[in-house]
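Novice: what would the 3D arrangement of this be:
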Amino acid sequence: MTEYVPPKVWTWDKENGGAFASTNRPIAGPTHDQELPRGEHPIQLYSLATPNGQKVTIMLEELLAAGHDAEYDAYLINIGKGDQFGSGFVSVNPNSKIPAMMDYGPKEPIRLFESGSMLVYLADKFDAFLSKDVAKRAETMNWLFWQMGSAPFLGGGFGHFYAYAPIKLEYPINRYAMEAKRQLDVLDRELADKEFISGSDYTIADMAIFPWYGNMVLGRAYNAAEFLDVGTYKNVIRWAEQIDAREPVKRGRCVNASGGPEDEQLHERHSAADVDKVVALRKERGTV
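Specialist: Here you go, the predicted model:
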């Protein structure tokens, strides 16, 4: 293999290959005019059922299940087609990443981007899943920001080079596999004597970590469960199975889903009935 010698000045190779090559670019801003739809509820979500998208839909479904007035409309953002670069989406999230959200409930509408920010906002807005106790809140925030800082190594690092890169390269796969396993070991040690990641309470930290690391140990990410030997992380598996069994989690994982059988997808969500249909089908087939 010929060693790569970086040029003095990097230039963009549009034909670099790999998944998402057609939409990745080194500049920000919109590529086209495309207004965002708006439903009847104050909370409007624009997303896709990736791990980052699932964090917020799980939170919203958990809020609804707990009796909070958190009804919302959710619209699919197809990142493969570049919807995230539409002018309307960029006005909500200048970083052009899902999820993005608008809350039209306050007198002045509030825009929200970055999944961690959205989880904290919703927790504070509804006084749920984030303790007011200073020490407990701090521990939850520790783990929320651990996820935000760690998951790019799991997804953009390991996931990209193992599953999406146009060619398989030993060095980056080994580098990021090592880091992915180190992170799973961090979680496994913490969960050895705790029910949830920040203690005895289920919080937004669990909702943030589960779609990435829970789905990984449950065999749903990158077809890499055997490669990473995820069965060795018994405490993470116990925690993941416990969260996965929650009805709002099953529901949240369905919202903005665009993969799999067409009748198990849910591009838009406007009421509980929309989710009911998909969850019922998935339960019948054992795919939820």
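Novice: any low-confidence regions in the stretch 151-288 of the chain?
Specialist: Counting by pLDDT under 70, not a single residue of the stretch 151-288 of the chain qualifies.
Novice: do that again at 90, thanks
Specialist: 288 (pLDDT under 90).
Novice: that one: helices as residue ranges?
Specialist: Under the criterion DSSP state H, counting those that start in this stretch, the stretch 151-288 of the chain carries helices at the ranges 170-190, 204-209, 215-217, 234-244, 247-254, 272-285.
Novice: what separation is there between the residue lying closest to Y222 once chain neighbours are set aside and G157?
Specialist: Leaving aside its chain neighbours, Y222 sits nearest to A163 (4.2 Å; criterion: C-beta to C-beta, 6 or more residues apart in numbering). Heads up, the C-betas are built off the backbone N, CA and C, glycines and all. According to C-beta to C-beta, to the nearest Å, A163 and G157 sit 11 Å apart.
Novice: likewise G260?
Specialist: 26 Å.
Novice: out of these two, which sits in the busier spot?
Specialist: Neighbours per residue (other C-beta atoms under 10 Å) separate G260 from G157, with G157 holding more: 18 against 12.
Novice: so the more buried one makes contact with N174?
Specialist: No - judged on C-beta atoms under 8 Å, G157 makes no contact with N174 at a distance of 11.3 Å.
Novice: tell me, what's touching those two both at once?
Specialist: Residues touching both G157 and N174 (C-beta atoms under 8 Å, 6 or more residues apart in numbering): none.
Novice: so what's the residue count around the residue nearest to Y222?
Specialist: Neighbours of A163 under the rule other C-beta under 10 Å: 15.
Novice: give me the most central residue, the protein.
Specialist: In the chain, the residue lying closest to the centroid (C-alpha atoms, centre = their mean) is N52, at 1.5 Å.
Novice: show me the contacts for that residue.
Specialist: K97, I98, P99, S115, P211.
Novice: the last one: neighbour count?
Specialist: When neighbours are counted by other C-beta under 10 Å, P211 registers 28.
Novice: quick one: it from P109, how far?
Specialist: Distance, P211 to P109, using C-beta to C-beta: 27 Å.
Novice: swap in the first one?
Specialist: When C-beta to C-beta is applied, the distance between K97 and P109 equals 20 Å.
Novice: tally of neighbours for P94?
Specialist: Using other C-beta under 10 Å, P94 has 14 neighbouring residues.
Novice: now the phi/psi pair for R38, please.
Specialist: When read as degrees, to the nearest 10, the backbone of R38 gives phi -140, psi 130.
Novice: could you find the closest non-adjacent residue to it?
Specialist: Spatial nearest neighbour of R38, chain neighbours left out: Q44 (5.7 Å); criterion: C-beta to C-beta, 6+ apart.
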